[in-house]
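Engineer: Here's a sequence, model it:
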Amino acid sequence: MTTAKDTDHGIWQTFVASPPAVKAVLGGVFVNKVGGFLNIFLVLFLTARGYSAGEAATALGVYGVGNVVGVLVGGALADRLGARNSTVLSMGGAALLTAALLYLPNYALLIGAVALLGAISQVYRPASATLLSELTPDDRQVMVFAMYRFGLNLGTTAAPLIGFGLYQLGGDSYDLLFWGEAVVAAAYALVAFRVLPARTGVKEAAAEGGAAPTGSYTDVLRDRRYLVYLAATFFNAVVYVQYLSTLPLDVQASGVPIFWYTLAVALNGGAVILFELVVTKKTQHMRPKLVVGVAYALVGIGVAVYALPLGPAVIVAGTLIWTLGEIIGGPVVFAYPGMAGPAHLKGRYIGSFQFVYGLGAAVGPVLGGFLFLQLGHGVWPVLALFGLAAAVAGYVSTRDRAGAESVG
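Structural biologist: You can find the predicted model right below:
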């Protein structure tokens with residue numbers, strides 16, 4: 001068994017040792033998130049065009065559905081076309097559709113373009129994660145995915161500020177903002193075409209005359225243990241997203257100043273960006289199932305703390321507890337799907353994980369809102385049970401040596 005001393009991969013060492021394609025993917029994740037203004041400004045853009053609030057909200061919902069579908073499609077395309085071709089298709093298509101939104105003359109065309117854009121813009125995500133997994137040794141996977149998440153989080157934090165700056169720079173017009181996002185996507189498509197390899201792993205062997213194994217999402221569904229992992233992912237996502245939906249509702253109903261909610265959210269984002277990479281230097285050497293189980297349990301415990309009489313201390317303490325779970329477990333949770341199944345199914349394993357996570361994040365606000373209407377402040381113990389279920393399922397389903405056991 002490899003020891004922590006043998007695999008003491010720090011942040012800088014892992015980055016330097018990574019091939020150029022991995023560095024390009026890590027940089028591309030950050031750039032794409034920084035340029036990801038659309039979901040932030042879509043509602044404002046449509047209402048400024050004269051559409052109703054209901055029509056704008058519907059468009060945002062359609063965009064979200066497209067996102068969820070896109071990661072499934074992206075998982076299949078990553079296995080069939082390779083990461084480079086999938087990324088070029090995704091970013092090139094996103095560039096064209098983003099710019100086109102400015103010029104479509106009616107709502108029907110806009111809603112169709114938004115749906116297609118929501119899907120095609122997410123195709124690159126499983127492709128990028130698949131390439132990272134294929135080109136990174138197993139003992140460096142967790143640290144590389146910690147860097148991947150760092151780029152996602154940092155880009156997500158910067159995007160609203162940069163988007164607003166472009167909006168003002170364009171004279172309170174959305175033209176420069178949308179064209180800016182389109183240019184970023186097109187630029188990354190070009191970088192992906194020039195830097196990312198055409199084939200890796202199984203596909204390269206097939207190109208040299210070997211027979212490449214075939215597969216589909218049906219093969220993923222046959223891996224019963226991985227299905228439990230996906231269930232744990234779903235429950236955890238449902239619980240995790242409550243800080244964006246149910247928590248502000250409860251804060252408002254309790255009469256607590258909204259400042260404490262916004263402070264807690266800011267603490268979460270800042271702590272993840274500052275500490276996740278550092279903590280991963282330790283967690284990358286720990287048993288994966290223990291990391292996943294503890295991380296999901298901390299998310300559930302953090303939510304359970306909200307069940308106490310709500311006040312500033314409870315809001316901050318609960319948020320910091322589940323933030324610790326996110327910091328401890330995020331990189332392991334994201335790295336595991338790429339190591340859980342056969343090499344020729346990496347894209348589909350990763351795509352199914354991203355699909356289920358996105359589904360949980362979409363279902364969570366609806367479920368949390370419904371439970372809050374029924375139970376009021378009593379919603380938190382119920383949601384904590386979902387967190388406990390995620391922790392148990394995550395611990396049971398995660399293999400300590402990913403891929404070492406037979407599928408099924």
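
Engineer: which stretch of helix or strand covers residue 266?
Structural biologist: Using DSSP states H and E, residue 266 maps to helix 258-283.

Engineer: Just name whatever secondary elements that helix is in contact with.
Structural biologist: helix 11-17, helix 141-169, helix 246-254, helix 312-340 (3 or more Cβ pairs under 8 Å, 6 or more residues apart in numbering; DSSP states H and E). All C-beta atoms are positioned from the backbone trio N, CA, C, and that covers glycine.

Engineer: Tell me which of these sits nearest to residue 371.
Structural biologist: Counting by Cβ to Cβ, residue 371 lies closest to helix 246-254 out of the helices and strands packed on helix 258-283; the figure is 7.6 Å.

Engineer: quick one: buried residues of the closest one?
Structural biologist: For helix 246-254, burial by neighbour count (16 or more other Cβ atoms under 10 Å) applies to 246, 247, 249, 250, 251.

Engineer: avg pLDDT for that helix?
Structural biologist: The pLDDT scores in helix 246-254 average 90.

Engineer: and that helix with helix 312-340, angle?
Structural biologist: 170 degrees (axes from the mean of the first three to the mean of the last three Cα atoms, to 10 degrees).

Engineer: roughly how far is helix 246-254 from the heart of the chain?
Structural biologist: 25 Å (Cα atoms, centre = their mean, to the nearest Å).

Engineer: still on that earlier bit, downstream neighbour of the helix holding residue 266 in the secondary structure list?
Structural biologist: helix 288-305.

Engineer: mean confidence score for that next one?
Structural biologist: Mean predicted confidence for helix 288-305 is 96.

Engineer: quick check, distance from that helix to the centre of its chain.
Structural biologist: 18 Å.

Engineer: buried set for it?
Structural biologist: 288-305.

Engineer: Quickly compare the helices and strands packed on helix 258-283 and say which is most buried.
Structural biologist: helix 312-340 (a mean of 23; mean count of other Cβ atoms under 10 Å).

Engineer: Can you check the pLDDT for residue 1?
Structural biologist: 36.

Engineer: for residue 361, same thing?
Structural biologist: For residue 361, the predicted pLDDT is 85.

Engineer: How about residue 91?
Structural biologist: We note a pLDDT of 89 for residue 91 in this prediction.

Engineer: now do residue 376
Structural biologist: Value for residue 376, per-residue pLDDT: 91.

Engineer: That one and residue 253 touch, don't they?
Structural biologist: Yes. Under the criterion of Cβ atoms under 8 Å, residue 376 makes contact with residue 253 at 7.2 Å.

Engineer: How many residues are close by residue 370?
Structural biologist: 12 (other Cβ atoms under 10 Å).

Engineer: Can you tell me how far it is from residue 292?
Structural biologist: 28 Å (Cβ to Cβ, to the nearest Å).

Engineer: swap in residue 389?
Structural biologist: Relative to residue 292, residue 389 is positioned 13 Å away (Cβ to Cβ).

Engineer: shared neighbours of those two, anything?
Structural biologist: residue 232 (Cβ atoms under 8 Å, 6 or more residues apart in numbering).

Engineer: Quick one: the helices in the stretch 101-250 of the chain, in order.
Structural biologist: 107-120, 124-135, 141-169, 175-195, 201-207, 217-222, 224-240, 246-254 (DSSP state H, counting those that start in this stretch).

Engineer: Find me whatever residue is spatially closest to residue 289, sequence neighbours aside.
Structural biologist: Closest residue to residue 289 apart from its sequence neighbours, by Cβ to Cβ, 6 or more residues apart in numbering: residue 398 at 3.9 Å.

Engineer: Verify the contact between that neighbour and residue 288 for me.
Structural biologist: Yes. The criterion here is Cβ under 8 Å, and residue 398 meets it with residue 288 at 5.1 Å.

Engineer: Find the residues that touch each one of these two.
Structural biologist: residue 336.

Engineer: can you pull the contacts of the most centrally placed residue in the chain?
Structural biologist: With distances taken as Cα atoms, centre = their mean, residue 354 lies nearest the centre of the chain, 6.6 Å away. By Cβ under 8 Å, 6+ apart, residue 354 lies in contact with 71, 74, 75, 122, 125, 126, 129.

Engineer: Excluding chain neighbours, what is closest to it?
Structural biologist: Once chain neighbours are set aside, the closest to residue 354 by Cβ to Cβ, 6+ apart is residue 71, at 4.0 Å.
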